[in-house]
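> Here you go, sequence then predicted model.
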Amino acid sequence: MDLLKVLNSHRSIRKFKSNKIDEQLFQQIILAGQSSASSSFIQACTIIRIKDLEKRKVLREIAGDQSYVEEAPEFLVFCADLSRSYKSCENHGKEPAKGLTEQFIIATVDTAIVAQSTVIAAESLGLGICYIGALRNDPFRVSDLLELPDHIYPVFGMCLGYPDENPEVKPRLPLDLFLKDDVYQDKKDMQNIALYDEEMLNYYQQRTTNKKHQSWSEQMAGILSKESRPFMKEYLVKKGFLKR
């Protein structure tokens, strides 16, 4: 498929066909993700492929009972992983500088880049995906379930399979809001947001499923006016991140 068309056609898929993904094809998709750019070549990402159906059921429960976590042909957990890098440092007789916020950023960004490259590879081959950030509803339980040692944390999950639905593409923010020249210019932002709100209202009312009457800014007000997973800092500190 044309790459620009693939990128501009991304949708979250929440209903999958039962078809299994050919193992060789699956590994090619993972290798494409692994080939992504990596800060200082740390390669601070590990993917855990969840084959155990009982583990899938637990992860579904943690993720707010999203059925596709259990039902998708493949479910992957993308983890920011500094553990092996620290061990390599120690094997060379050096003490790793653990707990730095910069290292946390590097590992998280590396993981996100790997995941998105995996998505692009999968979608270019006709597959669909859905990111599952709701694994962070209970990161302690996810860590225990997946036996994650210190200096590793689950950033998000990902459902992967052949789509059994064809949802519309959500309109994105106007380019003037998203792309700035030289400095952060925001004089016209609220005007552009108002226009975007109208577009999103129309989209939500016209789409084939889950119709609703809500603008983008109303959605942001609902999300950002309440605390979201305030336990994450405590969890990350306990796992060896964000100590300085």
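It's in. Since this is a predicted model, take the numbers as computed values, not measurements.
> switch to C-alpha atoms for all contacts and neighbour counts from now on
Will do.
> mind listing the helices for the chain?
3-8, 23-34, 53-62, 67-71, 83-91, 101-124, 139-146, 175-178, 189-206, 216-224, 232-238 (DSSP state H).
> So Gln43 is in contact with Asp110, correct?
Yes: between Gln43 and Asp110 there is a contact at 6.8 Å, judged by C-alpha atoms under 8 Å.
> Of these two, give the one with the bigger neighbour count.
More crowded of Gln43 and Asp110, by other C-alpha atoms under 10 Å: Asp110, with 25 against 22.
> my read: that one touches Ala44, true?
Yes: the pair Asp110 / Ala44 is scored as a contact, 6.0 Å apart, by C-alpha under 8 Å.
> Find the residues that touch each one of the two.
Both Asp110 and Ala44 are contacted by 38, 80, under the criterion C-alpha atoms under 8 Å, 6 or more residues apart in numbering.
> I would like the residues contacting the longest strand seen in the chain, please.
Looking across the chain with DSSP state E, the single longest strand is strand 152-161. Residues from elsewhere that reach strand 152-161, judged by C-alpha under 8 Å, 6+ apart: 16-17, 19-21, 68-69, 72-83, 108, 111, 127-136, 139, 142-143, 236, 239.
> Next: stretch 224-236.
136-137, 139-140, 153, 242.
> Scan the residues you listed and report the most crowded one.
Result: Tyr153 is most packed of the contacts of stretch 224-236 (other C-alpha under 10 Å), 29 neighbours.
> ok, so what distance separates that residue from Met220?
Counting by C-alpha to C-alpha, to the nearest Å, the separation of Tyr153 from Met220 is 26 Å.
> List phi and psi for the residue lying farthest from the centre of the chain.
Within the chain, the residue lying farthest from the chain centre (C-alpha atoms, centre = their mean) is Gly93, at 35.2 Å. Per-residue torsions, Gly93: phi 80, psi 20 (degrees, to the nearest 10).
> What is the burial count for Arg56?
Arg56 has 20 nearby residues by other C-alpha under 10 Å.
> Ok, Leu224 next?
Leu224: 9 neighbours (other C-alpha under 10 Å).
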